[in-house]
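> please work out how this folds:
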Amino acid sequence: MRRLLTPPWIVLHCFAVVLTVAFGLLGWWQLSRAQHGNAISWGYAFEWPLFAVFTLTLWIRQMRLELRKDLPEGATRRGRPEPPPMTSPFESAIVRARENAEPEPHRPAQGSHA
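Residues are numbered from 1 along each chain as shown. The predicted structure is shown next:
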């Protein structure tokens, strides 16, 4: 937890709070403009709060990733297990084809006439 109190993280926390508050205020401002007849402001009234939610989501995600570094090697998280790495359904065929392929002869680069 102390890792989140280093100077770079404090700057990031302040930046996230400032952005979230600013986006909320901009959304409130656009909502008041929309209520006074500015039709295009309705879109912005919903867009700015979405930016605030996006900022909070990224901020929380980055903190969780940073705190995950504190887990000992090989320790598993509580809750959901880690999903297996993604593989292609054609992976075994690709590996077999690469093993059986003959090396190509060296060809000069195309387009170089020097």
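
> burial of residue 4, as a residue count?
13 (other Cβ atoms under 10 Å). Glycine gets a C-beta too; all of them are placed from N, C-alpha and C.

> pLDDT score for it?
On the pLDDT scale, residue 4 is placed at 84.

> what does residue 113 give?
60.

> also residue 13?
pLDDT for residue 13: 93.

> now do the helix or strand hosting it: which elements does it pack against?
Assigning secondary structure by DSSP states H and E places residue 13 in helix 7-35. Contact here means 3 or more Cβ pairs under 8 Å, 6 or more residues apart in numbering; DSSP states H and E; on that basis helix 7-35 packs against helix 41-68.

> what comes up buried for the helix it packs on?
Across helix 41-68, burial judged by 16 or more other Cβ atoms under 10 Å covers 41, 44, 45, 48, 49, 51, 52, 55, 59, 63.

> separation between the nearest residue to the last one once chain neighbours are set aside and residue 87?
Across the structure, with Cβ to Cβ, 6 or more residues apart in numbering as the measure, the residue nearest residue 63 apart from its sequence neighbours is residue 4 (6.0 Å). Per Cβ to Cβ, to the nearest Å, residue 4 is found 35 Å from residue 87.

> sorry, back to before: now do the helix holding residue 13 against helix 41-68, angle only.
Counting by axes from the mean of the first three to the mean of the last three Cα atoms, to 10 degrees, helix 7-35 lies at 160 degrees to helix 41-68.

> which parts of helix 7-35 are buried?
For helix 7-35, using 16+ other Cβ under 10 Å, the buried residues are 12, 16, 19, 20, 23, 26, 27, 30, 31, 33, 34.
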